[in-house]
Each structure stands twice: as structure tokens, then as C-alpha cells.
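J.: 3D, please:
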Amino acid sequence: MSISTYAASPFDHAKADVILRSSDNIDFRVFKLFLSLASPFFETLFEIPQPTEETKEQETKDGLAVIPVSEDGNTLDALLRFCYPCTLAEDPNLDKLKDVVDVFDAAKKYSIDAIERKTVARCDPACR
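T.: Okay, here's the model as predicted:
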């Protein structure tokens, strides 16, 4: 098992209710509500009944379920910043085309239409 580290603020909140673990083992302590409001994928995921203590197969950390995702920490950080209210996290700087494409792909994967549109809008001036 690899050692994981916590993401920077605002994804290190003590009152978070789930952990998303990036492919490079960065743990993002996040709120199900924000993800559910942003993404039908996450809304459905969080509606699935969780295993009981006796049958627990899912990894936990600090008493929270750990959900591994295939995105790296940089991509996940940017995606989550778009999902969080602007009072908690500003939209990320996506200066490199690769970052824009990675976030677009993740938004498409998790059915987050608003982020898909935002990433396309960032590319649009460059494509003209």
C-alpha cells in the first residue's frame, strides 16, 4: 500500500465527509454535497448503499470512505475547484493546454457539463 498525502486547502477540511484519492496518492477531503450538486455521476455514486462494518471492503481513512479515482492530483484539484463554491475555492489557473484537456476529460467522465463548457471556453480563443 502506498503512502498518501493530503491535498492543500480547501481540500483538507476536517469536517469533510469523503476522501477522493488521486492516482498519485493525494487525498482530497471533500464534501459529498458539493460533488453531488455538480455531478450526476457523484450524486448516483453517493446514493449507493455503503458496506456495513462487518462486510467493509472499502478503504477508510480518518473514518471516511476513500474513493480512488484515475485522475492525477493536479487534474483532480482543478476539477474540484470548479465544483466548490467560489467563496471556498477560486477557479483554477489552467495555463497549459494539457491541463485544460485533462480537466475537460475528467468533467466529461463525471458528467459535469458546466466544467466542460468552461474548459471549452478557455480553449476557444486559442483555437481562433
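
J.: what ranges do the strands span in this protein?
T.: 5-6, 18-21, 26-30, 60-61, 64-68 (DSSP state E).

J.: so which of those strands gets nearest Leu80?
T.: strand 26-30 (6.2 Å; CB to CB). All C-beta atoms are positioned from the backbone trio N, CA, C, and that covers glycine.

J.: Work out the gap between the closest one and the centre of the chain.
T.: The chain centroid and the centroid of strand 26-30 are separated by 8 Å, computed with CA atoms, centre = their mean, to the nearest Å.

J.: what's stretch 15-32 in contact with?
T.: For stretch 15-32, the external contacting residues (CB atoms under 8 Å, 6 or more residues apart in numbering) are 2-7, 11-14, 35, 42, 46, 61-62, 64-73, 75-77, 80.

J.: circling back: turn the strands of the chain into JSON lines, including distance to Cys86, mean pLDDT and mean neighbour count.
T.: Output for the strands of the chain, formatted as JSON lines (distance: least, CB to CB, whole Å; pLDDT from 0 to 100; neighbours: other CB atoms under 10 Å):
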{"stretch": "strand 5-6", "distance to Cys86": "22", "mean pLDDT": "94", "mean neighbour count": "12"}
{"stretch": "strand 18-21", "distance to Cys86": "20", "mean pLDDT": "98", "mean neighbour count": "21"}
{"stretch": "strand 26-30", "distance to Cys86": "16", "mean pLDDT": "98", "mean neighbour count": "22"}
{"stretch": "strand 60-61", "distance to Cys86": "28", "mean pLDDT": "92", "mean neighbour count": "12"}
{"stretch": "strand 64-68", "distance to Cys86": "24", "mean pLDDT": "95", "mean neighbour count": "15"}
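
J.: Relative to Tyr84, which of these is closest?
T.: Nearest of the strands of the chain (CB to CB): strand 26-30, 8.2 Å.
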